[in-house]
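[1] Need coordinates for the below:
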Amino acid sequence: MKSNRTFRSAATIACLLGVATWAQSQSLKREHVRAETAQSIRNGDIIIAGEIGLTECEIRRERCGSRAEWSGVSRGQVKMEFVEAVRSGAIVDHGVLMLSAAELAPHRYPARLPVQGKTRQLVAEEFELAKRLGDAPTGSEDGLTPAQRMPARFAAVRAEHRLALKNLAAAQ
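    Numbers count the residues shown, from 1 in each chain. Here you go, the predicted structure:
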């Protein structure tokens, strides 16, 4: 009976020490978070614009003028790009739909030229190479390619392919 009381007392003391240590560590974390928040407020990095998610510096540029970042594009180039985007109807300004003007009224804007894609033969050749290297998807449930499932089986073919690519690059 006496040993049971001793055990309970020791367990109670250990729990109290653990709670005290936890509380102290939580207060340190809390103080750290408060300090970081205060620093973010001073820097203007706190999101203040509700749904649009802009920080104070993004809304009030004059407050954070010293942090301006240069993108390497001149003001004139930006204006020219904007004029071209308006002319081609690429500006997205139709609210929730997120459609560009050209998508809403294609008859008002010049037709876009189709982008030249790969030929059927080139796609077939790339697929054959992927199958040979073990990179072709098989539709398995785990999502792994054969080379990922059996790397030893495809190691020699992959090494041969790398060597061929090196030789081709060296020849050019």
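[2] Can you pull up the most central residue in the chain?
    Closest residue to the average C-alpha location of the chain: Gly53 at 17.2 Å, with Cα atoms, centre = their mean.
[3] ok, that residue - contacts?
    Residues in contact with Gly53 (Cβ atoms under 8 Å, 6 or more residues apart in numbering) are Ile47. To be clear about C-beta, it is placed using only N, CA and C from the backbone, and glycine gets the same treatment.
[4] cool, and Arg149?
    Neighbours of Arg149 in contact, by Cβ under 8 Å, 6+ apart: Asp142.
[5] Recalculate using a threshold of 10 Å.
    Neighbour list for Arg149: 134, 138, 140, 142 [criterion: Cβ atoms under 10 Å, 6 or more residues apart in numbering].
[6] same question, Cys64
    Neighbour list for Cys64: 43-45, 55-58 [criterion: Cβ under 10 Å, 6+ apart].
[7] Please apply the same query to Leu133.
    Per Cβ under 10 Å, 6+ apart, neighbours of Leu133: 145-147, 154, 157-158, 160-161.
[8] Tell me how this structure divides into domains.
    Listed domain ranges for the chain are 2-58, 70-108, 120-171 (source: automatic domain parsing).
[9] Now tabulate the contacts of Cys64 in TSV and tack on distance to Ala130.
    Formatted as TSV, the contacts of Cys64 follow (distance: Cβ to Cβ, whole Å):
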residue	distance to Ala130
Asn43	49
Gly44	49
Asp45	45
Thr55	45
Glu56	50
Cys57	47
Glu58	44
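[10] of those residues, buried ones?
    44-45, 55-57 (16 or more other Cβ atoms under 10 Å).
[11] ok, back up a step: okay if I get the domains of the chain as a markdown table plus mean pLDDT and distance to Pro114?
    A markdown table is the format used below for the domains of the chain (pLDDT from 0 to 100; distance: least, Cβ to Cβ, whole Å):
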| stretch | mean pLDDT | distance to Pro114 |
| --- | --- | --- |
| domain 2-58 | 65 | 35 |
| domain 70-108 | 83 | 14 |
| domain 120-171 | 89 | 16 |
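[12] Switch the ones you listed over to TSV; also include distance to Cys64.
    TSV is the format used below for the domains of the chain (distance: least, Cβ to Cβ, whole Å):
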stretch	distance to Cys64
domain 2-58	4
domain 70-108	15
domain 120-171	45
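[13] could you pull out the helices for the protein?
    2-43, 56-59, 75-88, 101-104, 120-133, 146-149, 151-171 (DSSP state H).
[14] okay if I get these as a markdown table plus distance to Ala111?
    Below are the helices of the chain laid out as a markdown table (distance: least, Cβ to Cβ, whole Å):
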| stretch | distance to Ala111 |
| --- | --- |
| helix 2-43 | 47 |
| helix 56-59 | 36 |
| helix 75-88 | 10 |
| helix 101-104 | 10 |
| helix 120-133 | 25 |
| helix 146-149 | 43 |
| helix 151-171 | 39 |
